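Trainee: dropping the sequence and predicted coords here.
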Amino acid sequence: MVTSLIKHERIETTLPKAKEMKKLAENMVTHAKKGTLHRRRLAARFVREKPMVVKLFEILGPRYQDRDGGYTRILKLSKRRLGDNAPMAIIEYVDRPGEVRAARPPQKRKEAQNLKEVLQSVGIQPLTNSEVDAMTNDVGEPMEIDEVSKDPLK
């Protein structure tokens, strides 16, 4: 199953299998981060396809180089399996391209030091002093919501 997780980067399975596979998958990424021949042979014991070993060491290892752990995420599903009513879950690698919910960046990747840089990193431009003055009325109190929605230049 670890081979399937490396191949698809996201699979649906039962919750107990996902919890057990998380340990193995994180260990495989740790081997890939080290990148030595010995680690490659250790990973090849669990990963059943040679192209997936290559993907593990060429793509996944460098992707998680600055992350200290937490390479996988388990999402519990509300629906249970029809046959035996087993709890189902999705196990996936974090920081993969096209994921719906991005993982928290690791401490090593956090570069923004103040609020202005954080806002700009997510695409929010801070207000200038003239824009703040335009939003206050003549007395210096903040305007009501209805007044702000109107164009102050008219």
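Mentor: That came through fine.
Trainee: tell me which residue is most central in the chain.
Mentor: Within the chain, one residue has its C-alpha closest to the average C-alpha position: by C-alpha atoms, centre = their mean, that is Ala103, at 2.5 Å.
Trainee: not counting its neighbours along the chain, what's nearest that one?
Mentor: Spatially, and ignoring its direct neighbours in sequence, Ala103 is nearest to Val94 (3.8 Å; C-beta to C-beta, 6 or more residues apart in numbering). C-betas here are computed from N, CA, C, even on glycine.
Trainee: now the one you found: phi and psi?
Mentor: Main-chain torsions, Val94, degrees, to the nearest 10: phi -80, psi 170.
Trainee: contacting residues around it?
Mentor: Residues near Val94 by C-beta atoms under 8 Å, 6 or more residues apart in numbering: Gly70, Tyr71, Thr72, Arg73, Ala103.
Trainee: now, those residues that are in strands?
Mentor: Thr72, Arg73 (DSSP state E).
Trainee: list the buried ones in the longest helix along the chain?
Mentor: For the chain, the helix with the greatest residue count under DSSP state H is helix 15-34. Using 16 or more other C-beta atoms under 10 Å as the test for burial, helix 15-34 gives Leu15, Ala18, Met21, Lys22, Ala25, Glu26, Met28, Val29, Thr30, His31, Ala32, Lys33.
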